[in-house]
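**Q** I need the structure of the sequence given here:
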Amino acid sequence: MNLLTVSTDLISIFLFTTLFLFFARKVAKKVGLVDKPNFRKRHQGLIPLVGGISVYAGICFTFGIVDYYIPHASLYLACAGVLVFIGALDDRFDISVKIRATIQAAVGIVMMVFGKLYLSSLGYIFGSWEMVLGPFGYFLTLFAVWAAINAFNMVDGIDGLLGGLSCVSFAAIGMILWFDGQTSLAIWCFAMIAAILPYIMLNLGILGRRYKVFMGDAGSTLIGST
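**A** Got it, this is the predicted structure:
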């Protein structure tokens, strides 16, 4: 793994996601996957809700071109795909909160059971004594996933806010992982940034306001769960 290869991969992810985003926004207008202005939403016109779908497409492309080992990659893609699909359905048809919460919990349980991904300990936050969670770790993990999903969903109200916050978060996590020697996971974090940047460009109107897109619940759910 060298810097040139990593840079080439990140640029490829950025370009692929950009092209996919332009394609997806056209499809979204045809199928009605758009955000309509109302008394709470002051934007003008019908804005495609495809930011999250394009980020997920970029993630899939990432796993297709890189050969670094990412733990539980297939499980993550499957669970993330379910969340993006439900989020897109909610963007289009306004699914009830109970159904969305149930599916989010189910996805969290699948990740814990099959991937063994849960909070088993909070570390040494009280000094020399490690705070082991035991069975309570499963419930805390579910709550953390649900809280993260809804936290990112709540900040998705101002142009560039969700995308910018996501990039800062992934950059910070990526740097920590890089200096900890977990380079594959660190590069994956940087790949997430490369997949999010095209959305930010269109969301902020850098390429023109007629190309504007929103992230949608599909995107906030994906990023929050990740």
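**Q** only C-alpha atoms from now on, for both contacts and neighbour counts.
**A** Will do.
**Q** distance of Asp91 relative to Arg100?
**A** Here Asp91 is placed at a distance of 12 Å from Arg100 (Cα to Cα, to the nearest Å).
**Q** tell me which of those two has more neighbours.
**A** For the pair Asp91 and Arg100, the greater number of neighbours falls to Asp91 (21 against 15), based on other Cα atoms under 10 Å.
**Q** the strands in this protein, which residues?
**A** With DSSP state E as the definition, the chain shows strands at residue ranges 34-35, 47-48.
**Q** with mean neighbour count added, can I get those strands in CSV?
**A** Listed next are these as CSV, based on neighbours: other Cα atoms under 10 Å:
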stretch, mean neighbour count
strand 34-35, 20
strand 47-48, 24
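**Q** redo those as JSON lines? Include mean pLDDT.
**A** Output for the strands of the chain, formatted as JSON lines (pLDDT from 0 to 100):
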{"stretch": "strand 34-35", "mean pLDDT": "80"}
{"stretch": "strand 47-48", "mean pLDDT": "88"}
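**Q** for Ile149, find the nearest of those strands.
**A** strand 34-35 (19.9 Å; Cα to Cα).
**Q** pairing partners for that closest one, with directions?
**A** strand 47-48 (antiparallel) (DSSP bridges).
**Q** circling back: can I get the strands of the chain in JSON lines with distance to Leu177?
**A** Conversion of these to JSON lines gives the following (distance: least, Cα to Cα, whole Å):
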{"stretch": "strand 34-35", "distance to Leu177": "37"}
{"stretch": "strand 47-48", "distance to Leu177": "34"}
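**Q** buried ones in the longest helix anywhere in the chain?
**A** Criterion DSSP state H: the longest helix present in the chain is helix 3-31. Of the residues in helix 3-31, 9-10, 12-18, 20-22, 24-25, 28-29 count as buried by neighbour count, 16 or more other Cα atoms under 10 Å.
**Q** out of the residues you listed, who's nearest Trp129?
**A** Distance ranking of the buried residues of helix 3-31 against Trp129, using Cα to Cα, places Leu10 first at 41.3 Å.
**Q** so the closest one is in contact with Cys189, correct?
**A** No: if you go by Cα atoms under 8 Å, Leu10 and Cys189 don't touch, sitting 10.6 Å apart.
**Q** re the thing from before, may I ask which of the buried residues of helix 3-31 comes out lowest in pLDDT?
**A** Checked by pLDDT, those have Lys29 as the lowest-scoring entry (86).
**Q** separation between that residue and Leu185?
**A** Counting by Cα to Cα, the gap from Lys29 to Leu185 is 35 Å.
**Q** so who does the closest residue in space to Tyr124 that isn't next to it in sequence touch?
**A** In space, not counting the residues next to it along the chain, Tyr124 is nearest to Glu130; the distance is 4.5 Å by Cα to Cα, 6 or more residues apart in numbering. Going by Cα atoms under 8 Å, 6 or more residues apart in numbering, Glu130 touches 121-124.
**Q** which two among those residues are spaced furthest apart?
**A** With distance counted by Cα to Cα, no two of the contacts of Glu130 lie farther apart than Ser121 and Tyr124, which are 8.7 Å apart.
**Q** which neighbours do these two share?
**A** Shared contacts of Ser121 and Tyr124, counting by Cα under 8 Å, 6+ apart, come down to 130-131.
**Q** any low-confidence regions in this structure?
**A** 1, 37-45, 67, 69 (pLDDT under 70).
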